[in-house]
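[1] predicted model and sequence follow; I will ask about them next.
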Amino acid sequence: MKKKLSKIFLIVLMAAFIGGCSSTSSKKPSSGGIFSGIFSSSKPQKAQHTDADYELDYSFFKQNGLPIPENFKGKSVEYLVPGNDVLKEHGYSFFKKHNEKEMLKFFKDTSITGYGSNSNYWRWKITFTEKELMNSTARNLPMVYKVRPRDVMTLSNGEWKSLPITGATVGEVKNVEVAARGRSGVITYLLVTTNKNKFLVSKELNIRKLLTADKNSTKTNRTIPLYGTKGGTENYNLKALRNNITLLPSAYFAIEKNSGNITLYGGGNGHGVGMPQWTAYDLTKNYNYSYKDVLKRYYPNTDIKDMYSMKEVDKNIRVGISNSNGGLDHTKVTLYSGGKIRIVGSGFKIDVPVRHKIEVINEGKKLSIKVNGKQRVKTVNPVVVEGTGYYITLAGIKKMHTTNPNYRGTIELKLSRTSSKGVRIINEIYMEDYLKQVVPSEMPQSFGVEALKAQAIAARTYALSDYLKFRYKNDGFHVKDTTESQVYNNQIENDDAKEAIESTKGKVLMHGENPVDAKYFSTSGGFTEAANYVW
C-alpha cells in the first residue's frame with residue numbers, strides 16, 4: 001500500500017506541446033513509445049502489447065491474506081486498449097502498482113489538464129457521512145448481487161464464491177476499500193467488510209451502483225450533492241452537477257475518510273472504454289484533429305468501410321421503443337400522423353385519415369385497435385403502421401424533449417411476450433434516419449460537425465454490430481432506444497448532426513471482417529481502460 005507510484009510506466013502523450021490548458025493549442029499531439037501505432041494519425045498498427053502487460057496488481061489481497069479472485073479472465077481487444085489523455089507536463093502515466101495514496105492525490109488534483117478536461121466531470125467529488133455510506137452500502141449490496149450475482153462474491157472457506165446475499169447475511173458494514181485497479185485507475189475490485197463477513201464487488205457498473213445514497217436510503221431530508229470541475233481550476237463548481245445520485249459518474253475515484261465523513265474524489269463520466277466524447281470535441285476544436293484522427297486514436301487497428309457493401313446487411317434496422325420508465329411493455333399505444341396512415345395486418349388493411357388517432361391495447365390475447373374511438377379490428381397477430389412518408393407520432397411517451405415523440409419509418413405493434421396487458425412497439429427505419437435521432441441524443445450540437453462525424457461513425461458501427469449479433473432476437477428487434485444500446489430520439493434533430501451523418505453515409509469501423517464493438521462514453525478523467533478490465 002505504501003509503495004510509490006511507478007513513474008512513466010508507458011509514455012503515451014504528446015511531444016512539442018506548448019503551454020498550459022488543453023484549450024490553448026492548435027497543434028495535433030504526437031505520440032511515442034509503446035502506443036506510437038495507436039495514438040498517431042497515420043494508419044494504425046497492431047497493438048504492441050500482450051495481456052501480461054496489463055495484469056492486475058493483486059498485492060492488496062496478498063498483504064491482507066485474501067484469496068485471489070478470477071473475475072477478469074477475458075482477453076484484451078486490440079481496438080479497445082488503455083489510453084492516456086493527461087497532458088505530459090503533469091507527469092502522470094499508467095498506474096502499475098496498487099497505491100491508494102497516490103490515487104487519492106491524482107483524483108484530488110484539480111489543476112491537471114488533458115484532452116477533454118473542458119468537461120465539468122473531469123474531476124468530481126461527493127461527501128457522505130460515514131453512517132450514510134455504510135448504511136447505503138449494506139442496502140445496495142444485495143440489490144447489486146441480484147442483478148449480477150457472479151460479480152458479487154462472499155468469502156467462504158478461504159474462497160470467493162457467488163452465494164446468495166440478503167440484508168441479514170450482510171449485517172453492519174464496517175469498511176469499504178479499493179482492492180484492485182486497472183492500469184487506467186478504474187476500480188476493478190471493491191472490498192466490503194461487515195461484522196459478519198467480507199464481500200468482493202467487481203466490475204465498474206456494479207461499483208458505481210454500490211456506493212450511492214439517496215434520500216430514501218438515508219431516511220433524512222439532507223441533500224447529498226455531487227460537485228464537479230473542469231481541469232486547470234483550483235476549486236469545484238459551487239453549483240452541484242447532481243443531487244442524491246443513484247449511480248456514480250464513473251468507477252474512477254479514491255476514498256478519503258475525515259472526521260466522520262467519507263468523500264469520494266473521482267474523475268470522468270462513463271465506463272471509460274473507447275472514445276470519450278468530450279475528448280473528441282476537444283481534439284477536433286482545439287488540436288486540429290479530423291474525425292478520422294479521433295477514430296484512429298480511440299479505435300486502433302481498425303479500418304473504415306462501407307456497411308452497405310456487405311451482402312448480409314439490410315439498410316433498415318429494427319428498434320425496440322421503450323415506455324416512459326424505460327421498459328418495453330406499453331399499457332396503451334396512441335399514435336397519429338400529419339399524413340395518411342395505413343394499418344396493415346394479417347388479412348386486412350385500414351386507411352386512416354390525417355390526424356385521426358389510432359388506439360391500441362392488449363385485451364389479454366388480442367390487440368384491440370380503434371380509430372378515433374371506433375373499434376376497427378381485433379387480432380392476435382402483429383400489425384404494421386405505415387406513415388406514407390410522414391412522421392408517426394407516439395402520444396404520451398415521455399422523452400427528454402417531448403411527451404409526443406415523432407418517428408420515421410414504420411411502427412410495428414404486437415402482443416408482449418412477458419405481460420398479459422403489454423403492447424410492444426418496434427420502429428423499423430433506414431439506418432441513416434435512425435442515426436439522425438441517435439447522434440443528437442448522444443452528442444450535443446455544440447461539439448461541432450467534425451466531432452459529430454466521429455460520433456456518427458461510432459454510433460453506426462455500434463448499431464451494425466448489434467444488428468449482426470441480433471442481440472434482442474427473442475424480442476424481434478436489433479437495438480433498444482435506451483443506453484442499453486444507444487439513446488434514440490431523446491433529443492430533437494439538428495442540421496449539424498444530419499450533415500455529419502450524411503457526409504459519412506454507410507461508414508463503419510471494421511476489425512478484419514467484423515464491425516467493432518464501438519464503445520464510447522462521455523468524459524475521460526485522464527485515462528481510458530482496456531475493455532477486458534471493465535466488463
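    Everything's here; your move. Residues are numbered from 1 along each chain as shown.
[2] contact partners of stretch 356-371?
    331-336, 341, 343, 350, 352, 372-373, 375-381, 383, 385, 395, 413-416, 419-423 (Cβ atoms under 8 Å, 6 or more residues apart in numbering). The way it works is simple: take the backbone N, C-alpha and C, and place the C-beta from them, glycine included.
[3] tell me the mean pLDDT for it?
    Average pLDDT, stretch 356-371: 94.
[4] export that stretch as PDB, just CAs?
    Below are the C-alpha coordinates for stretch 356-371, written out as PDB (Å, rounded to 0.1, in the frame of the first residue of the first chain):
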ATOM      1  CA  HIS A 356     -57.000  10.500 -36.800                       C
ATOM      2  CA  LYS A 357     -55.900   8.800 -33.600                       C
ATOM      3  CA  ILE A 358     -55.200   5.100 -33.500                       C
ATOM      4  CA  GLU A 359     -55.500   3.500 -30.100                       C
ATOM      5  CA  VAL A 360     -54.100   0.000 -29.400                       C
ATOM      6  CA  ILE A 361     -54.400  -2.000 -26.200                       C
ATOM      7  CA  ASN A 362     -53.800  -5.600 -25.300                       C
ATOM      8  CA  GLU A 363     -57.000  -7.300 -24.200                       C
ATOM      9  CA  GLY A 364     -55.300 -10.400 -22.900                       C
ATOM     10  CA  LYS A 365     -54.800 -12.400 -26.100                       C
ATOM     11  CA  LYS A 366     -55.600  -9.900 -28.800                       C
ATOM     12  CA  LEU A 367     -54.600  -6.500 -29.900                       C
ATOM     13  CA  SER A 368     -57.700  -4.200 -29.900                       C
ATOM     14  CA  ILE A 369     -57.400  -1.400 -32.500                       C
ATOM     15  CA  LYS A 370     -59.600   1.700 -32.500                       C
ATOM     16  CA  VAL A 371     -59.600   4.600 -34.900                       C
END
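[5] which helix or strand contains Lys146?
    According to DSSP states H and E, Lys146 maps onto helix 130-147.
[6] what pLDDT does Asn71 get?
    According to the prediction, Asn71 has pLDDT 88.
[7] which is the next helix or strand following the helix holding Lys146?
    Next in sequence after helix 130-147, counting helices and strands by DSSP H and E, comes strand 152-156.
[8] from the contacts of stretch 356-371, list just the buried residues.
    Buried residues within the contacts of stretch 356-371, counting neighbours by 16 or more other Cβ atoms under 10 Å: 333-336, 341, 343, 350, 352, 377, 379, 383, 385, 413-416, 422-423.
[9] report the beta-bridge partner residues of Val201.
    Counting by DSSP bridges, Val201 forms beta bridges with Val152, Leu190.
[10] these two touch, right, it and Met143?
    No: counting by Cβ atoms under 8 Å, Val201 stays clear of Met143, with 11.5 Å between them.
[11] comparing the two, which residue is more hemmed in?
    Shown here are Val201 and Met143; by other Cβ atoms under 10 Å, Val201 has more neighbours (27 against 13).
[12] span of stretch 392-405 from start to end?
    Terminal residues of stretch 392-405 are spaced 8 Å apart (Cα to Cα, to the nearest Å).
[13] equivalent analysis for stretch 373-388, please.
    End-to-end for stretch 373-388, by Cα to Cα: 22 Å.
[14] again, but for stretch 363-377
    For stretch 363-377, the first-to-last residue distance is 12 Å (Cα to Cα).
[15] off-centre distance for that stretch?
    Offset of stretch 363-377 from its chain centre (Cα atoms, centre = their mean, to the nearest Å): 39 Å.
[16] so of the buried ones among the contacts of stretch 356-371, which ones are in strands?
    333-336, 341, 343, 350, 352, 377, 379, 383, 385, 413-415, 423 (DSSP state E).
[17] widest-spaced pair of these?
    Spatially, the most separated pair among these is Tyr336 and Leu415, at 21.8 Å (Cβ to Cβ).
[18] check contacts around Val270.
    Just to correct that, residue 270 is Gly rather than Val. Contacts for Gly270 (Cβ under 8 Å, 6+ apart) come out as Pro249, Ser250, Pro276, Phe521, Ser522, Thr523.
[19] tell me the confidence at the residue sitting furthest away from the middle of the chain?
    Each residue of the chain has a distance to the centre, and by Cα atoms, centre = their mean the biggest one is for Lys374: 43.8 Å. Looking at Lys374, its pLDDT reads 94.
[20] tell me the bridge partners for it.
    Beta bridges link Lys374 to Val371, judged by DSSP bridges.
[21] gap between it and Glu386?
    From Lys374 over to Glu386 the distance is 20 Å, taken as Cβ to Cβ, to the nearest Å.
[22] then Pro82?
    Applying Cβ to Cβ, the value for Pro82 to Glu386 is 48 Å.
[23] tell me which of these two has more neighbours.
    Shown here are Pro82 and Glu386; by other Cβ under 10 Å, Pro82 has more neighbours (26 against 20).
[24] so the more buried one makes contact with Ser93?
    No: using Cβ under 8 Å, Pro82 is not in contact with Ser93; the gap is 10.4 Å.
[25] list the buried residues in stretch 66-84.
    Residues of stretch 66-84 classed as buried by neighbour count (16+ other Cβ under 10 Å): 66-67, 69, 71-72, 76-84.
[26] low-confidence ranges in the stretch 51-200 of the chain?
    The stretch 51-200 of the chain contains residues with pLDDT under 70 at 51-54.
[27] what segments of it are strands?
    For the stretch 51-200 of the chain, the strands defined by DSSP state E, counting those that start in this stretch cover 83-84, 123-129, 152-156, 159-161, 173-181, 187-194, 198-202.
[28] before we move on, what about the stretch 401-535 of the chain?
    Along the stretch 401-535 of the chain, counting by DSSP E, counting those that start in this stretch, strands occupy 406-407, 410-415, 423-430, 479-480, 507-511, 514-515, 520-521, 527-528.
[29] between these, which gets nearest to Asn244?
    Distance to Asn244, taken as Cβ to Cβ, is lowest for strand 520-521 among the strands of the stretch 401-535 of the chain, at 22.7 Å.
[30] show me what the closest one pairs with in its sheet, parallel or antiparallel.
    Applying DSSP bridges, strand 520-521 is found paired with strand 275-276 (parallel).
[31] pLDDT of the partner strand, averaged?
    For strand 275-276, the mean pLDDT works out to 97.
[32] ok, and what's touching that strand?
    The contact list for strand 275-276 (Cβ under 8 Å, 6+ apart) reads 85, 115-116, 268, 270, 294-295, 298-299, 454, 458, 518-524, 528.
[33] next one: it to chain centre, how far?
    Between the centre of strand 275-276 and the centre of its chain there are 10 Å (Cα atoms, centre = their mean).
[34] after that strand, which helix or strand is next?
    Once strand 275-276 ends, the next helix or strand along the chain (criterion: DSSP H and E) is helix 277-286.
[35] which neighbouring elements make contact with that next one?
    The contact analysis (3 or more Cβ pairs under 8 Å, 6 or more residues apart in numbering; DSSP states H and E) places helix 277-286 against helix 291-298, helix 449-469.
[36] would you reformat the ones you listed as JSON lines and include mean pLDDT?
    Listed next are the helices and strands packed on helix 277-286 as JSON lines, based on pLDDT from 0 to 100:
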{"stretch": "helix 291-298", "mean pLDDT": "97"}
{"stretch": "helix 449-469", "mean pLDDT": "95"}
